[in-house]
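Below are the sequence and a predicted model; questions follow.
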Amino acid sequence: MEGVVDYAMRDILTKSGAYDHAVTEFIRINTQKLPKSVFYKYCPELLHGGNTQSGTPVYVQLLGQHCDPMAENAAFAASLGAPGIDLNFGCPAKTVNKSMGGSILLQFPDQIHNIVKAVRAGVPKNIPVTVKMRLGYHDKTLAIENALAIEEAGATGLAVHARTKIEGYKPPAHWQWIAKIGEQVNIPIVANGDIWSLKDAVECRKISNCSDIMIGRGGLSLPNLADVIKNDTAPLSWPDVCRLLISYSKYQRDDKKTNFLPSRIKQWFSYLQRQYPQAQGVFKEIKTHKELAHITSIIARDL
């Protein structure tokens with residue numbers, strides 16, 4: 001989730017230990033080997049054993065179309081301590097697809113196979129290489145072919161977002177298609193899409209025939225969703241969410257790039273409004289403000 005789940009967000013959301021692992025924002029790979037500074041920027045956890053402060057492993061996610069550079073950068077990320085490599089063939093963003101990255105490659109199963117195979121060959125065998133895909137680009141006709149190509153190439157596991165690129169994020173997620181894929185491949189399948197609650201998780205597992213699920217937007221809407229699903233914990237109260245927001249604002253307060261935090265907090269509010277009615281009123285107050293201190297002072301009123 002580019003521009004949303006940065007290291008600070010990962011650290012906050014994984015504190016309970018309910019996540020098995022997290023994934024970075026995608027790192028765009030073109031034709032060159034990136035410097036280690038780029039990997040440290042996207043995944044500061046590499047400086048701490050590849051884990052968040054709670055001990056949750058963080059896989060480095062790569063997005064690109066060229067086999068050799070993808071393999072070279074994956075191997076480099078592994079050498080820096082990445083506990084896993086994740087390949088993104090699911091991003092639906094127009095700017096990404098326009099440059100032949102993300103879900104547009106689902107039109108070309110052979111190319112996906114070659115990329116995954118090259119990365120798998122370039123990364124030590126003890127390092128997982130997982131893949132994220134959608135059900136297709138225009139339609140679902142290549143869903144099973146893509147999954148088989150990914151399996152044959154040696155991927156450790158496959159997460160499937162149960163929509164095509166054209167379907168975007170419009171409900172419903174077609175969990176039954178994940179079950180169809182699971183009938184054809186033998187690697188572990190992880191179900192993803194429209195999991196906003198414990199009820200959704202139960203239904204998704206039932207329909208997709210997957211025991212493992214991936215949550216993205218749902219985890220931003222309800223910050224302890226993983227714990228709710230895994231341990232039947234009560235959803236966080238709104239004051240507790242406000243505490244998380246203020247905690248998030250402090251992660252990079254001394255950074256020269258602190259000015260980006262107000263926009264990140266506002267972006268988080270776009271997800272929180274789904275779960276918390278109180279978020280709508282607070283967002284109306286903060287959306288025109290640019291000063292971080294002013295924004296956090298407004299949020300703090302609800303503590």
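Okay, I see it. Numbers count the residues shown, from 1 in each chain.

show me where the stretch 51-200 of the chain has strands.
Here the stretch 51-200 of the chain has its strands, by DSSP state E, counting those that start in this stretch, at 58-63, 85-89, 129-136, 157-164, 189-192.

Using JSON lines, lay out the ones you listed together with mean neighbour count and distance to Q111.
Every residue, glycine included, has its C-beta placed from N, CA and C. Formatted as JSON lines, the strands of the stretch 51-200 of the chain follow (neighbours: other Cβ atoms under 10 Å; distance: least, Cβ to Cβ, whole Å):
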{"stretch": "strand 58-63", "mean neighbour count": "26", "distance to Q111": "14"}
{"stretch": "strand 85-89", "mean neighbour count": "26", "distance to Q111": "10"}
{"stretch": "strand 129-136", "mean neighbour count": "25", "distance to Q111": "13"}
{"stretch": "strand 157-164", "mean neighbour count": "24", "distance to Q111": "16"}
{"stretch": "strand 189-192", "mean neighbour count": "24", "distance to Q111": "21"}
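
Please report phi then psi for A293.
Main-chain torsions, A293, degrees, to the nearest 10: phi -60, psi -40.

ok, it to P172 distance?
42 Å (Cβ to Cβ, to the nearest Å).

Check V60 too.
Using Cβ to Cβ, V60 is found at 31 Å from P172.

Include distance to A234 and mean pLDDT when you put the strands of the stretch 51-200 of the chain into TSV, please.
Compiled in TSV, those are given as follows (distance: least, Cβ to Cβ, whole Å; pLDDT from 0 to 100):
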stretch	distance to A234	mean pLDDT
strand 58-63	27	98
strand 85-89	31	98
strand 129-136	30	98
strand 157-164	27	98
strand 189-192	24	98
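
Tell me which of the ones you listed sits nearest to V4.
V4 sits nearest to strand 58-63 of all the strands of the stretch 51-200 of the chain, at 13.0 Å, using Cβ to Cβ.

Using CSV, list the CA coordinates for the closest one.
Extracted in CSV, the C-alpha atoms of strand 58-63 (Å, rounded to 0.1, in the frame of the first residue of the first chain):
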residue,chain,number,x,y,z
VAL,A,58,9.0,-7.4,7.3
TYR,A,59,9.3,-8.7,3.7
VAL,A,60,10.8,-6.3,1.1
GLN,A,61,8.3,-5.8,-1.8
LEU,A,62,9.6,-5.2,-5.3
LEU,A,63,7.8,-4.1,-8.4
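
ok, residues contacting that strand?
Here strand 58-63 makes contact (Cβ atoms under 8 Å, 6 or more residues apart in numbering) with 10, 21-29, 39, 42-43, 45-46, 50-52, 70, 73-74, 77, 82-88, 91, 96, 101-102, 119, 128, 130, 132.

In PyMOL, how would I select the buried members of these?
Entered in PyMOL, the line below selects the buried ones among those, by 16 or more other Cβ atoms under 10 Å:
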select buried, resi 10+21+22+23+24+25+26+27+28+29+39+42+43+45+46+50+51+52+70+73+74+77+82+83+84+85+86+87+88+91+96+101+102+119+128+130+132
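
So which of the contacts of strand 58-63 are in helices?
R10, F39, Y42, M70, N73, A74, A77, V96, V119 (DSSP state H).

Compile these into TSV and extend it with columns for distance to G193.
Below are the ones in helices among the contacts of strand 58-63 laid out as TSV (distance: Cβ to Cβ, whole Å):
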residue	distance to G193
R10	20
F39	28
Y42	24
M70	25
N73	28
A74	26
A77	27
V96	18
V119	24
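
Return the closest of those with respect to T56.
The shortest approach to T56 among those belongs to R10, at 7.6 Å (Cβ to Cβ).

OK, contacts around the closest one?
A22, T24, E45, T52, T56, V58.

same thing but 7 Å
Taking Cβ atoms under 7 Å, 6 or more residues apart in numbering, we find R10 in contact with A22, T52, V58.

thinking the first one is in contact with I12, fair?
No - with contact taken as Cβ atoms under 7 Å, A22 and I12 are classed as non-touching, separated by 11.0 Å.

shared neighbours, these two?
Between them, A22 and I12 share no contacting residue under Cβ under 7 Å, 6+ apart.

V5: what's its closest spatial neighbour, skipping adjacent residues?
Nearest residue to V5, sequence neighbours excluded (Cβ to Cβ, 6 or more residues apart in numbering): E25, at 6.1 Å.

A82 too?
In space, not counting the residues next to it along the chain, A82 is nearest to V60; the distance is 4.3 Å by Cβ to Cβ, 6+ apart.

Could you list everything that neighbour pairs with in the sheet?
Beta bridges link V60 to I85 when assigned by DSSP bridges.

Can you give me the separation between it and Y276?
Relative to Y276, V60 is positioned 32 Å away (Cβ to Cβ).
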